[in-house]
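Engineer: can't give you the sequence, but here's the structure:
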């Protein structure tokens, strides 16, 4: 790996970490916000779910289209600055409406991270290198979990939830400036700012139809969407569960979550990327079968977390699940990018996240909160435990789509000497004609 590519990957990983850290911190801070402002679980679920996800999902489409034709470094820098300012402003709110509006602004900024960054990384690494490179990029998630959980937990106890938002918003501004002045876009542009790459840029409808008729990509798309609902519903309410059912304070809780998700996440992502790069090199079929098996195991492990009699046992099981869950990140994201022509990669990720976030992250936390409120008259403080238990089997549904994707992924990769190819002018003139569907 060249020094230039290593620096690119390292900086984008840090930006990803602070892109995600505010969502982690918000989960830790929910009990304090609830106590201070007297909001219901349904309100908190709406705030962390559909209100955030709607703007994140919808704005991801035009940002990704811009990223597929424009300067991705500029996009990453501008959006990082936007979400950082928004996170800091979360500490100034006095009402539900104010926080709702600010979170919508944060969502717009955070929508500009994943698509252009993954597109930039994929263009910088060859197919065989992508699982390892994307896996290392995804280390930003456990890094965010360490920073968000540990810092938010102890900062909240020492200075309150409002000051915590100020502190976690500041680093993103510095990273935005660093990216703007030190990273270089790999594409070539003319003096007028026009991209020099030949060919016609496909519109959103064309990209959607082309990707939807790719059987492997379609099933990965559905897997992400299903995970978005069940996974985000579980993860957003997990800190509140440990506060309510096990009586932890936010400082202790943040330390446990930082250890479990931080260390477990680093080990898992590194291990998954290395195993894929060493034993399943250029073999996306084997990678997806392995991920499907992991998802089935995760369903059982999460059930164990919420049935564990002590929080020590619950965190032990959670640590195991964190390792194997994060091991899937590199192979899964690399496979989605390999299945997509180079001039559609940012848009492909935006479309995935549109459904994953709008219907997944948007409705998942809201559904858990509403179910918890509905069960409260019968189960009291334990209502959240059983609401989370009801969501755990959703991982079996994800595994089914992964298995379906594995059956056709080898045939569904667009190839030209083993690499993805873009759309041709003739294809655009004929309309949205897409790759053959290899369904059995």
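Structural biologist: Arrived safely, thanks for sending. The shown structure was predicted, so the numbers you read here are calculated from the model rather than taken from an experiment.
Engineer: quick one: low-confidence parts of the stretch 1-150 of the chain?
Structural biologist: The stretch 1-150 of the chain contains residues with pLDDT under 70 at 1, 48-49.
Engineer: residue boundaries of the helices in it?
Structural biologist: 3-37, 41-48, 50-69, 72-89, 96-110, 114-124, 130-137, 140-146 (DSSP state H, counting those that start in this stretch).
Engineer: which one of those helices lies closest to residue 178?
Structural biologist: Closest approach to residue 178 among the helices of the stretch 1-150 of the chain is made by helix 3-37 (6.5 Å; CB to CB). All C-beta spots, glycine's among them, are computed from the backbone N, C-alpha and C.
Engineer: Which positions within that closest one qualify as buried?
Structural biologist: 8-9, 11-34 (16 or more other CB atoms under 10 Å).
Engineer: now swap in stretch 380-396 and tell me
Structural biologist: 382-385, 387-388, 390-392, 394-396.
Engineer: Make CSV out of those and add distance to residue 318.
Structural biologist: Listed next are these as CSV, based on distance: CB to CB, whole Å:
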residue, distance to residue 318
382, 18
383, 20
384, 16
385, 14
387, 17
388, 12
390, 18
391, 15
392, 12
394, 17
395, 14
396, 19
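Engineer: Now do the SS call for residue 187.
Structural biologist: coil (DSSP: H, G, I helix; E, B strand; the rest coil).
Engineer: err, residue 340, not the other one
Structural biologist: Assignment for residue 340 (three-state DSSP): coil.
Engineer: and it, how far is that from residue 263?
Structural biologist: Computed with CB to CB, to the nearest Å, the distance linking residue 340 and residue 263 is 33 Å.
Engineer: Comparing those two, which shows the higher neighbour count?
Structural biologist: More crowded of residue 340 and residue 263, by other CB atoms under 10 Å: residue 340, with 27 against 16.
Engineer: list the contacts for that one?
Structural biologist: Contact partners of residue 340, counting by CB atoms under 8 Å, 6 or more residues apart in numbering, are 211, 217, 348, 414, 420.
Engineer: In TSV: those, plus neighbour count, pLDDT and secondary structure.
Structural biologist: Listed next are the contacts of residue 340 as TSV, based on neighbours: other CB atoms under 10 Å; pLDDT from 0 to 100; DSSP: H, G, I helix; E, B strand; the rest coil:
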residue	neighbour count	pLDDT	secondary structure
211	23	87	helix
217	26	93	helix
348	27	82	helix
414	18	78	coil
420	19	39	coil
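Engineer: Go through those and say which is closest to residue 258.
Structural biologist: So of the contacts of residue 340, ranked by how close each gets to residue 258 (CB to CB), first place is residue 348, at 32.4 Å.
Engineer: Verify the stated contact: the closest one with residue 333.
Structural biologist: No. In this structure, residue 348 is not within contact of residue 333 by CB atoms under 8 Å, at 10.8 Å.
Engineer: so what sits against both of the two?
Structural biologist: Counting by CB under 8 Å, 6+ apart, nothing touches both residue 348 and residue 333.
Engineer: check contacts around residue 241.
Structural biologist: Contacts of residue 241 by CB under 8 Å, 6+ apart are 306, 384-385, 388.
Engineer: Now for these: which two are most distant?
Structural biologist: Among these, 306 and 384 lie farthest apart (CB to CB), at 9.2 Å.
Engineer: if we compare the helices of the stretch 1-150 of the chain, which one ends up closest to residue 377?
Structural biologist: helix 41-48 (13.1 Å).
Engineer: contact partners of the closest one?
Structural biologist: By CB under 8 Å, 6+ apart, helix 41-48 touches 23, 26-27, 30, 33-34, 39, 96, 99-100, 103, 236-237, 365-370, 372-373, 384.
Engineer: And the nearest residue to residue 108 once chain neighbours are set aside, how close does it get to residue 110?
Structural biologist: Computed as CB to CB, 6 or more residues apart in numbering, the closest residue to residue 108 that is not its neighbour in sequence is residue 59, at 4.7 Å. Residue 59 is 9 Å from residue 110, where distance means CB to CB.
Engineer: okay, these two: which has more neighbours?
Structural biologist: Taking neighbours as other CB under 10 Å, residue 59 and residue 110 compare with residue 110 leading, 28 against 20.
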